[in-house]
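>>> sequence first, predicted coordinates after that:
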Amino acid sequence: MPMNRKPRIGITLGDVAGIGPEVALKALLDPAVERQCVPVIIGEESTVAHYASRLLPRRRVHPVAEAASPGHDPTCIHLLDLKNIRFSEIELGRVSKECGRASLDYIRAGVSGCLDRRLDALVTGPIHKEAAQLAGIGVPGHTEYLAGLCRVSEVRMLLVVDHLRAIHVTTHLALRQALERIRAPRILETIRFGRLALQQLGLRRSRIAVAGLNPHAGEGGLFGTEEADEVLPAIEAARAEGLDAEGPISPDTVFHRMNRGEFDLVVALYHDQGHIPLKLMGFDSGVNITIGLPIVRTSVDHGTAFDIAGRLKANPASMVKAIHLACTMAKSQ
């Protein structure tokens, strides 16, 4: 994108029965967001108006066409209105096929805007997995749905909490299934995706640690052979390509070592291996990034929080950081 203009960032509302609309609007209260980008909310007008009247009463909702705004007026909330649901008909905090359908509409519109270069990046609000399944998403979650829309077969999930980063070899699989997919070629490809991620985030270094699978990374075969059979060959292949990869490192120490500054990224072999330590360190401020798409996509790293929907208690920190990282990555494109 041109260096002399602010990136246009599409922000989806997610499932409107949850906290997605609230955190999207609260993010606009952060002065840094307005300084960094032109935010374009992708959603529905009555929902946005409801939260805007409570959170941003001095701003008017300004409809924009085709996910692009010709200019930026900080007194306005730029909205791509898909007119696909009515807030008066929503039951907050309840699973709904209609809300699930609307949330998928917002994602499709955002991806289309990015692919057509009317948007420079997409930040997604939280969707509800059950509602999305009722609406026919047809895949386990957000990441897989985005990959399908972008027609790519391989993507990776990256979690970011400040200086801590984890990219995952496997994600939304039963643990038994995940173990079957932890193979050297996929680990190597994940290391490559990891270097790409660090470059997109603007880091000069790419020090990548690969976690072991078993306790103490197998303890020389005492607790399992996966490290010798699959993980180490992938690391050696990555080094042969010139990548700065180290491991396998015991999973109970590798995140501590990254926290001390030894590494820029950890390759986690399965979902919870990466999610648990990062969510412990920053549950309200983590960001989920999809690596491997032809577009920039970041997301909040929390769910719909149906239990507090509509109460104006939601913490927008994750959304603000997701927008910040989307801006950083858009400028590197």
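Alright, I've got the coordinates.
>>> what comes up buried for the least confident helix or strand in the chain by mean pLDDT?
The weakest-scoring helix or strand in the chain, judged by mean pLDDT, DSSP states H and E, is strand 60-63 (a mean of 86). Of all the residues in strand 60-63, those buried under the rule 16 or more other C-beta atoms under 10 Å are Val61. In short, each C-beta sits where N, CA and C put it, glycine included.
>>> so in the protein, which helix runs the longest?
The longest helix of the chain (DSSP state H) is helix 97-115.
>>> using CSV, list the CA coordinates for the least confident helix or strand of the chain.
Output of strand 60-63 as CSV, limited to C-alpha atoms (Å, rounded to 0.1, in the frame of the first residue of the first chain):
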residue,chain,number,x,y,z
ARG,A,60,-22.8,9.7,13.5
VAL,A,61,-23.0,6.5,11.6
HIS,A,62,-21.9,7.1,8.0
PRO,A,63,-22.7,4.4,5.4
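>>> which elements pack onto it?
helix 45-55, strand 76-81 (3 or more C-beta pairs under 8 Å, 6 or more residues apart in numbering; DSSP states H and E).
>>> the longest helix of the chain vs strand 76-81, what angle?
If you take axes from the mean of the first three to the mean of the last three C-alpha atoms, to 10 degrees, helix 97-115 sits at 110 degrees to strand 76-81.
>>> and helix 97-115, how far out from the chain's middle?
With C-alpha atoms, centre = their mean, to the nearest Å as the basis, helix 97-115 stands 15 Å off its chain's centre.
>>> make 20 the first number, not 1, from now on.
Taking 20 as the first residue, the last one we looked at is helix 116-134.
>>> and that helix, C-alpha only, in PDB?
Coordinates of the C-alpha atoms in helix 116-134 are reproduced here as PDB (Å, rounded to 0.1, in the frame of the first residue of the first chain):
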ATOM      1  CA  LYS A 116     -28.700 -19.400  13.300                       C
ATOM      2  CA  GLU A 117     -29.600 -15.900  12.100                       C
ATOM      3  CA  CYS A 118     -26.700 -14.300  14.000                       C
ATOM      4  CA  GLY A 119     -24.400 -17.000  12.800                       C
ATOM      5  CA  ARG A 120     -25.500 -16.300   9.200                       C
ATOM      6  CA  ALA A 121     -24.900 -12.600   9.600                       C
ATOM      7  CA  SER A 122     -21.500 -13.100  11.100                       C
ATOM      8  CA  LEU A 123     -20.500 -15.200   8.000                       C
ATOM      9  CA  ASP A 124     -21.800 -12.400   5.800                       C
ATOM     10  CA  TYR A 125     -19.500  -9.900   7.500                       C
ATOM     11  CA  ILE A 126     -16.500 -12.200   7.000                       C
ATOM     12  CA  ARG A 127     -17.300 -12.700   3.300                       C
ATOM     13  CA  ALA A 128     -17.700  -9.000   2.700                       C
ATOM     14  CA  GLY A 129     -14.400  -8.200   4.500                       C
ATOM     15  CA  VAL A 130     -12.500 -10.900   2.500                       C
ATOM     16  CA  SER A 131     -14.000  -9.600  -0.700                       C
ATOM     17  CA  GLY A 132     -12.900  -6.000   0.100                       C
ATOM     18  CA  CYS A 133      -9.400  -7.100   0.900                       C
ATOM     19  CA  LEU A 134      -9.100  -9.300  -2.200                       C
END
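>>> what pairs with the helix or strand following it, parallel or antiparallel?
Per DSSP states H and E, the first helix or strand lying C-terminal to helix 116-134 is strand 140-143. Each strand paired with strand 140-143, and its direction, by DSSP bridges: strand 27-31 (parallel), strand 316-319 (parallel).
>>> CA-only coordinates of strand 140-143, as PDB, when you get a sec.
Coordinates of each C-alpha in strand 140-143 appear next as PDB, following Å, rounded to 0.1, in the frame of the first residue of the first chain:
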ATOM      1  CA  ALA A 140      -6.600  -5.600   6.100                       C
ATOM      2  CA  LEU A 141      -9.300  -7.400   7.900                       C
ATOM      3  CA  VAL A 142      -9.900  -7.500  11.700                       C
ATOM      4  CA  THR A 143     -12.500 -10.000  12.700                       C
END
